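J.: build the 3D model from these lines:
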Amino acid sequence: MLQAIYPPPTSISDPGTIRVLVVDDDDEIRQLICQYLGNYAIRSVGVANGEAMQQALGEHSFDAIVLDLMLPGENGLSLCKRLRSHSGVPILMISAHGDPTERIISLEVGADDFLTKPFDIRELVARIHSVLRRTRQQPASGPQPDAAPQRLGFGDWQLHLTLRQLQDRDGTVVPLSNAEFRLLSAMLQRPRTVLDRDQLLDITRGSTVEVFDRSIDILISRLRGKLRDDPRSPRLIRTVRGEGYMLDAQIRPL
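T.: Next comes the predicted model:
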């Protein structure tokens, strides 16, 4: 069953409203998060497990998901990975454990941020706003934005910069997380240029996201997988030993 919505249900579809799905099996924590998000003008739906999450996603449209890692039945990592196979909705993972390995794995399966319980609700609100700013922000296009291409083609792929969509040669959309989109678009704007880890960290992280050196390798691995680029002999995203990574392709404005 769906948890009550704070404020009332009629506001969940209001245009311009931030709508968040909170998935946590702890009734008290879930209700408190929903209630306090409402105090910051964020509309929310609270559910206790993956099944109820899928039900809520079928009934409402959400701008972001706050997803607990430890859930009964299918856990948060599995749900995050499954969501990422067909959706780019921002996911903020929460957990009572601050183990760096959990953070890294969460990023690896597609989470956009990670927050350790207990946390200040103001920090959660700040992170929600931050990830939504990154999601809604169009890539910088220089002093003449109207002349910038809407799509960039490379190999058998194209990236739609406004819709933030990756499409293969058949037009099939491959979902990207926010960090994956920022990384790919940055590399497309700097083709055949080696980017070191510090540059890539600056590109992919948000102002509130804790990052790790290994997270870049994870993002590169995920991108290679989505681009069907053989990690043993990559053609598109090449590793330059001791330097960083380079996108080796001719870019076609579309």
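J.: where are the low-confidence patches of the protein?
T.: Within the chain, the stretches with pLDDT under 70 are 1-16, 135-149, 204-214.
J.: hmm, who's touching whichever helix in the chain runs longest?
T.: Looking across the chain with DSSP state H, the single longest helix is helix 121-136. Contacts with helix 121-136, where a contact means C-beta atoms under 8 Å, 6 or more residues apart in numbering, come from 18, 20, 32-33, 36-37, 40, 42, 63-64, 66, 90, 92, 94, 112-113, 115, 164, 178, 182, 206-209. Backbone N, C-alpha and C define where each C-beta goes, glycine included.
J.: buried sites along it?
T.: Across helix 121-136, burial judged by 16 or more other C-beta atoms under 10 Å covers 124-125, 127-128, 130-132, 134-135.
J.: need those in JSON lines with distance to residue 226, can you?
T.: Shown next, in JSON lines, are these (distance: C-beta to C-beta, whole Å):
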{"residue": "124", "distance to residue 226": "29"}
{"residue": "125", "distance to residue 226": "31"}
{"residue": "127", "distance to residue 226": "25"}
{"residue": "128", "distance to residue 226": "25"}
{"residue": "130", "distance to residue 226": "24"}
{"residue": "131", "distance to residue 226": "20"}
{"residue": "132", "distance to residue 226": "23"}
{"residue": "134", "distance to residue 226": "19"}
{"residue": "135", "distance to residue 226": "18"}
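J.: can you give me the distance of the nearest residue to residue 80 once chain neighbours are set aside to residue 67?
T.: Leaving aside its chain neighbours, residue 80 sits nearest to residue 109 (5.0 Å; criterion: C-beta to C-beta, 6 or more residues apart in numbering). Per C-beta to C-beta, to the nearest Å, residue 109 is found 11 Å from residue 67.
J.: so for those two, which residues contact both of them?
T.: Common neighbours of residue 109 and residue 67, counting by C-beta under 8 Å, 6+ apart, are residue 80.
J.: out of those two, which sits in the busier spot?
T.: Ranked by neighbour count (other C-beta atoms under 10 Å), residue 109 and residue 67 place residue 67 first, with 25 against 20.
J.: host element of the more buried one?
T.: Per DSSP states H and E: residue 67 is located in strand 64-68.
J.: mind listing residues that contact that strand?
T.: Residues from elsewhere that reach strand 64-68 (C-beta under 8 Å, 6+ apart): 18-26, 33, 53, 76, 79-80, 83, 89-95, 111, 124, 128, 131-132.
J.: mind checking which of those residues are in strands?
T.: Among these, DSSP state E puts 18-23, 91-95 in strands.
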